[in-house]
Each structure stands twice: as C-alpha cells, then as structure tokens.
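# I'd like to go over a predicted model; first the sequence, then the structure.
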Amino acid sequence: MDQPDLGLTHFIHDALVNFAVHQTTGIPFDREEQDFYELIVEARREHDHQHVARVLVKVHIEDINDNAPVFVGLPYYAAVQVEAESGLSIFKVSAVDGDKGINGEVTYFLKDDHGHFMIDQQTGTITTNYLTGSHAEVDVDVLVQDINDNPPVFKEMSYRIVLSETVMIGTPALQVIATDMDSEKNNVVGYQIFSKEHNSTDYFHIDSSSGLILTARILDHELVPEYDFIVRATDNGFPSLSTEVSVTVLLKDMNDNPPVFNQLLYEAYVSELAPKGHFITCVQASDADSSDFDKLVYSILSGNERMDFVMERKTGIIMLSSHLKQRMEPTYNLNVSVSDGVFTSTAQVHVKVFGANLHDPVFEQKMFEAELRENSPVGTNVIQVGAFEIH
C-alpha cells in the first residue's frame, strides 16, 4: 500500500564517500578495492530531529569483467636447442587478472608461432612442436585490450569567473578541460552545456572538442547579474561515461547607463521674506548601474547668474543662498544637471517668488451696528462687515 508523503527527509548516517541519497552517486565502485559496504539510512521529517527512523543497508559489490589480464615478470626471453624433441617445455608465462571468479580466469594463446611452439591454454607452459634449421626464436607479445572504465575528470571541482558586461559576442569566457585515463580510442572527450536558469545556453556557447566557452549574446548586468550552468564531458567509449561540473559567470557592472531625473520639471514656491538657507526643493535622479548610485553629482548649470540659490552636490537639495543681498526676481528658471562621471542628464526647476504684505488688513469702518429681534431663529444674518488690504 502506498504511503502518503509526509515531507520526510532522508539522510545517510555515517555515510561513506561512495554513497549519497540521490539518483546517482557520481563515484564508480571498484570491487577490487572494496567489495562490501555497510551504511545506515536515516529518515526524519523536516525540522523534526526527535522522530527519527534508521535502517542498516548492506551492499555487496557485484564483480564485472573490468580488469584486463597482466603478465608477470616482463620481458620474457627463452632459448631452445634445435635438436630439441617435440613437446619439450622451454618456458612458462604467467598472467593475473584482478577480477573475481570466471571473470578472473586467464587463457593463454600464441600469436604468430609459425607452428614451432605450443602453449598450454590453462598453465601458460610453452613447449616445442616442430623445429627446423639451426636456430629458432620466439617473441612473447602481450596484447592488452582497454575497456572504457574511466570517466572524464575535470581539473576543477567547479568554475567561477568574473566577466565584464560590455564584452562583445564571441569573446572567450573560460576553458574547461577534462581528461580521461583510458586508451586513445576511449579517451576522446566531447563537451556540452546545459542551462540551470536564465536560459544560459542562449548567452554562452561551448566548443564541443576544446571546452572553450564563448559569449553568444550581448550581456547586461542590470538584467541578469549572474549565470549558472552545467558543462558535461562525455568520452568516446561504449558505453560512454560522462562527468558534469558547475560553472558560474558573474558579470562586472560597468558604467554604461546615464543617470535619469525622477521628473524633468520641478516647481517650487518661496516667500520674498524667506530667510537665507531656506529650503526650496530637492531634485533626485537614479542610475541603473548599481555601482554608480553613490557617485551622482548635482549642479546648477544656468538661471542662477545672481547666485540667489545654492545646490548641495551630493543630495540635490536647492536652498536660498546665504549671500542674498538684493530683492528677488518674481520667477527663476534653473537648469540643473546630474552626472555619474561619464554621462550627464538635465532637468528644469521653476521657482516662483510671492511678495510679502507688511501691513495689517483694515476694516471699512471703525464700528458696525445692527438690530436683531429677540425671537430670531438660529442662523439669521445679523450684519456683513468688510475689510481691505493695504499694499
């Protein structure tokens, strides 16, 4: 009966390096080094360390024929008299195989013996068969056939580089190299790239034979600051073996975007009697380049010929100048700028000055009189008074 998924998390307790709770181990076994493993698998709910179940798992490594026989005591040399009778034992070769059982059994054969010698297929004993002439020689050739039992191995466990966002398409980013310990036929390695996110294969291309990774599209730190992808190295054996390595490319932010004012026109009002240093307004700009936010510098380009205003370079705050000594103009049109050191943008600030009335308002007459009936309802108009302002 199927059990419901209770959010259990599985762990290997005292795990060996060859095992992991994963669909693949990533590490090949070698029975000749170790043919038996014991490990404890632990299961528990996430964030619950009190309720734990453990089980002992015993793993016997089944032998496969992955080792070639190896001759012992090379090189071999043997001599025999021409008068030797047929069947005379002249030499015994010996080979061993690291495999188990039938996979480790060795059978001996002669290659190009020309009918002069025989070899016992089980013992390796070489005997005479039929000799002619005054001299005979034998070369013992050993042919070792390679099997594809070594996967490609990358030089690094992972790769991480920093790349400028302004590089051109086709720029080499890095080269990943994997080597294979098998023979020449099986150790030819091909490379492929696989995307983990952001469709990295659209932005990078890998040369299948050299492992050289190049940019395939224009990069932009403001859109994607980091790319993560997988490179797989596969050998030419049958069946083929492969290894994967992770690659991270960090884009270095460059100053390739101009600062932009939050608005192109600012309007402000100020009294003619405002004190020196009075706050007028604050202009603000932003820059898409992450490294340029603290580099923005503000200034007044024009419209402030009388120096009635002053601007803070770092904040964009505009204030009345402390040097103000004359009557202000009714309006000011200031042209302000912001710069990140490379690019500059501008905006307009319109300042309107309203005059101050130094006189109190005056009633139209010094005294007003009115009559009202004693039973008048609430809200009845009593009288209307008037006042005027002296300029």
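Yes, it's here. This is a predicted model, so every value here is computed, not measured.
# Contact partners for Leu219?
The contact partners of Leu219, taken as Cβ atoms under 8 Å, 6 or more residues apart in numbering, are 163, 165-167, 203, 251. Bear in mind the C-beta positions are built from the backbone N, C-alpha and C, glycine included.
# mind putting those residues in a markdown table, distance to Arg327, pLDDT and neighbour count included?
Formatted as a markdown table, these follow (distance: Cβ to Cβ, whole Å; pLDDT from 0 to 100; neighbours: other Cβ atoms under 10 Å):
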| residue | distance to Arg327 | pLDDT | neighbour count |
| --- | --- | --- | --- |
| Leu163 | 60 | 93 | 19 |
| Glu165 | 53 | 88 | 18 |
| Thr166 | 53 | 88 | 16 |
| Val167 | 58 | 92 | 17 |
| Tyr203 | 62 | 92 | 20 |
| Leu251 | 56 | 92 | 20 |
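# For Tyr227, grab the count of nearby residues.
22 (other Cβ atoms under 10 Å).
# element containing it?
For Tyr227, the host element (DSSP states H and E) is strand 226-234.
# Report the distance from that strand to the chain centre.
The chain centroid and the centroid of strand 226-234 are separated by 9 Å under Cα atoms, centre = their mean, to the nearest Å.
# ok, now stretch 41-54?
32 Å.
# okay, it in CSV with CA atoms only?
This file holds the C-alpha atoms of stretch 41-54, laid out as CSV (Å, rounded to 0.1, in the frame of the first residue of the first chain):
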residue,chain,number,x,y,z
VAL,A,41,20.0,5.4,6.2
GLU,A,42,18.1,7.8,8.4
ALA,A,43,14.6,9.3,7.7
ARG,A,44,13.0,12.2,9.5
ARG,A,45,10.5,15.0,9.0
GLU,A,46,11.9,18.3,8.0
HIS,A,47,12.8,20.4,11.1
ASP,A,48,12.0,17.5,13.4
HIS,A,49,15.1,15.9,14.9
GLN,A,50,13.3,13.9,17.6
HIS,A,51,11.4,11.4,15.5
VAL,A,52,14.0,9.5,13.5
ALA,A,53,14.0,6.1,11.8
ARG,A,54,17.2,4.3,10.9
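# Give the buried residues for stretch 74-94.
76, 80, 90-91, 93 (16 or more other Cβ atoms under 10 Å).
# Could you list which of the contacts of Leu219 belong to strands?
163, 251 (DSSP state E).
# residue ranges of the helices in the protein, please?
Listed in chain order, the helices found in the chain under DSSP state H are 200-203.
# So which residues of the stretch 51-200 of the chain form strands?
For the stretch 51-200 of the chain, the strands defined by DSSP state E, counting those that start in this stretch occupy 52-60, 70-71, 89-92, 95-96, 117-119, 125-128, 153-154, 158-164, 172-175, 178-179, 190-195.
# lowest confidence element among the helices and strands of the chain?
strand 8-13 (a mean of 53; mean pLDDT, DSSP states H and E).
# so who does the residue lying closest to Ser339 once chain neighbours are set aside touch?
Leaving out its chain neighbours, the residue that sits closest to Ser339 by Cβ to Cβ, 6 or more residues apart in numbering is Val297, at 5.2 Å. Neighbour list for Val297: 313-314, 338-341 [criterion: Cβ under 8 Å, 6+ apart].
# Considering those, which is situated nearest to Asp35?
Set against Asp35, the nearest of the contacts of Val297 by Cβ to Cβ is Asp340 (66.7 Å).
# about what we covered before: for the strands of the stretch 51-200 of the chain, give me JSON lines that also has distance to Gln348.
Output for the strands of the stretch 51-200 of the chain, formatted as JSON lines (distance: least, Cβ to Cβ, whole Å):
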{"stretch": "strand 52-60", "distance to Gln348": "70"}
{"stretch": "strand 70-71", "distance to Gln348": "88"}
{"stretch": "strand 89-92", "distance to Gln348": "104"}
{"stretch": "strand 95-96", "distance to Gln348": "92"}
{"stretch": "strand 117-119", "distance to Gln348": "102"}
{"stretch": "strand 125-128", "distance to Gln348": "104"}
{"stretch": "strand 153-154", "distance to Gln348": "59"}
{"stretch": "strand 158-164", "distance to Gln348": "36"}
{"stretch": "strand 172-175", "distance to Gln348": "45"}
{"stretch": "strand 178-179", "distance to Gln348": "61"}
{"stretch": "strand 190-195", "distance to Gln348": "47"}
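# among those strands, which is nearest Gly277?
strand 158-164 (44.7 Å).
# what does that closest one contact?
171, 173-174, 176, 215, 219, 231, 245-252, 254.
# Just the pLDDT at Asn357, thanks.
Note on Asn357: pLDDT of 58.
# same thing with Thr25?
pLDDT recorded at Thr25 is 43.
# Over to the one 10 residues further on?
Reading off the confidence values, Asp35 has pLDDT 70.
# same deal with Ser210?
94.
# count of neighbours near it?
Close neighbours of Ser210, defined as other Cβ under 10 Å, add up to 12.
# Then Val231?
22.
# So this structure: which segments form each domain?
As given by automatic domain parsing, the domain ranges for the chain are 8-60, 66-145, 153-252, 265-354.
# can you redo those as CSV with distance to Pro377?
Output for those, formatted as CSV (distance: least, Cβ to Cβ, whole Å):
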stretch, distance to Pro377
domain 8-60, 75
domain 66-145, 114
domain 153-252, 72
domain 265-354, 43
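# how about those, which one is nearest Ile383?
Going by Cβ to Cβ, the one of the domains of the chain nearest Ile383 is domain 265-354, 32.9 Å.
# Could you pull up the residues touching the spatially closest residue to Pro258 that is not a sequence neighbour?
In this structure, Pro258 finds its nearest non-sequential neighbour in Phe343, 3.3 Å apart by Cβ to Cβ, 6+ apart. Phe343 is in contact with 255, 257-259, counting by Cβ under 8 Å, 6+ apart.
# Weed out the non-buried ones from those.
Buried, going by 16+ other Cβ under 10 Å: 257-259, out of the contacts of Phe343.
# can these go into CSV with extra columns for distance to Phe36?
Shown next, in CSV, are the buried ones among the contacts of Phe343 (distance: Cβ to Cβ, whole Å):
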residue, distance to Phe36
Asn257, 63
Pro258, 68
Pro259, 68
